[in-house]
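J.: task: produce atomic coordinates for the following.
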Amino acid sequence: MFLRLLKKDFNLIGRSLGGIVSLFTLSVSVVFIFYTSIEVNEMLSARSIRGLKWAIIFILNFVIISQSLWEERESMGWEASLSYVSPTSLYISKSLTIWFCTILVNALLVLVLSVFFQNMSLDRYFGEWLFANLGSGCLVFLGVSLGVIAFESRLKEIIIPLLQLPFSIPLFLFGLEAENRYWSEVGFYLPSVGLLLFFLLFYGTLGSVMVETLKNE
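T.: So this is what the prediction gives:
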């Protein structure tokens with residue numbers, strides 16, 4: 001049953017965005033804009049590039065979550081699925097599906113950043129990809145949980161853009177700083193990754209609680 005939910009969510013993403021290619025095209029477009037406007041005249045620092053990476057990740061997650069949930073709502077898939085599976089299963093299935101797609105896009109995004117920007121080295125590829133994936137996971141769990149709330153609200157179109165950014169600010173502040181310290185301070189590897197794992201667990205648990213609360217109401 002859970003595999004059927006995953007298949008449904010993958011199909012919704014493919015219908016709404018044309019798949020992973022569209023997300024990658026969007027990320028390359030944003031990178032190219034910053035490259036032509038800044039990098040060609042003044043070399044960006046590694047910290048600035050990571051900030052750009054996190055900003056692109058936020059945009060990609062916002063787009064894919066909003067479009068996937070819109071397709072879910074228009075097709076009445078969420079309401080139909082609730083008749084035979086729990087809301088928590090639906091929440092986890094959609095979150096994992098979107099997260100998997102963003103992991104693939106992040107791999108290409110980090111590669112593109114390494115090609116365009118001089119201070120982004122391929123030697124740090126897997127570390128940059130790791131932090132991008134952890135950040136995406138946090139944003140996915142947060143965005144999907146807010147989307148579930150939007151299903152029950154009259155303000156369906158503005159709940160996610162209105163609330164996702166404020167809830168994401170702690171992740172941006174502490175997550176970006178943790179990543180910078182990961183590369184600059186010897187021995188800070190586990191605390192950096194552990195902090196983002198904490199945010200991942202926190203947002204995932206928060207979403208599950210929200211889903212169960214709405215179910216009981």
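J.: leaving out the residues flanking it, which one is nearest to the residue nearest in space to the middle of the chain?
T.: Nearest to the mean C-alpha position of the chain, by CA atoms, centre = their mean, lies Ser136 at 3.1 Å. With sequence-adjacent residues excluded and distances taken as CB to CB, 6 or more residues apart in numbering, Ser136 is closest to Thr102, at 4.2 Å. All C-beta atoms are positioned from the backbone trio N, CA, C, and that covers glycine.
J.: following the helix or strand hosting the residue nearest to the centre of the chain, which helix or strand comes up?
T.: According to DSSP states H and E, Ser136 maps onto helix 125-151. Counting by DSSP H and E, the next helix or strand C-terminal to helix 125-151 is helix 159-184.
J.: quick check: mean pLDDT of that next one?
T.: Mean per-residue pLDDT for helix 159-184: 79.
J.: same check, this time on stretch 28-36
T.: 86.
J.: just the angle between whichever strand or helix holds Glu212 and helix 159-184, please?
T.: For Glu212, the element it lies in under DSSP H and E is helix 189-216. Angle between the axes of helix 189-216 and helix 159-184 is 160 degrees (criterion: axes from the mean of the first three to the mean of the last three CA atoms, to 10 degrees).
J.: which other helices and strands contact helix 189-216?
T.: helix 87-116, helix 125-151, helix 159-184 (3 or more CB pairs under 8 Å, 6 or more residues apart in numbering; DSSP states H and E).
J.: tell me which of the ones you listed is the most buried.
T.: Of those, the one with the most neighbours on average (mean count of other CB atoms under 10 Å) is helix 125-151, at a mean of 23.
J.: pLDDT below threshold where in the chain?
T.: Low-confidence segments of the chain, defined by pLDDT under 70: 1-20, 73-84, 151-161, 186-189, 214-217.
J.: before we move on, the earlier item: pull the distance from the helix holding Glu212 to the chain's centre.
T.: 13 Å (CA atoms, centre = their mean, to the nearest Å).
J.: list the buried residues of that helix.
T.: By 16 or more other CB atoms under 10 Å, the buried positions in helix 189-216 come out as 192-193, 195-196, 199-200, 203-204, 207-208, 210-211.
J.: quick check, the residue nearest to the centre of the chain in contact with Asn106.
T.: Yes - judged on CB atoms under 8 Å, Ser136 makes contact with Asn106 at a distance of 6.1 Å.
J.: any common contacting residues for those two?
T.: Ile57 (CB atoms under 8 Å, 6 or more residues apart in numbering).
J.: burial of Val40, as a residue count?
T.: Residues lying near Val40 (other CB atoms under 10 Å) number 9.
J.: from Ser184, how far out is it?
T.: To Ser184, Val40 is 27 Å away according to CB to CB, to the nearest Å.
J.: contacting residues around the residue nearest to Ser136?
T.: By CB under 8 Å, 6+ apart, the residues touching Thr102 are 23, 57, 60-61, 64, 133, 136, 140.
J.: please redo it, this time with the cut-off set to 7 Å
T.: 60-61, 64, 136, 140 (CB atoms under 7 Å, 6 or more residues apart in numbering).
J.: which one of those residues sits closest to Val115?
T.: Closest approach between the contacts of Thr102 and Val115, by CB to CB: Leu60, at 18.1 Å.
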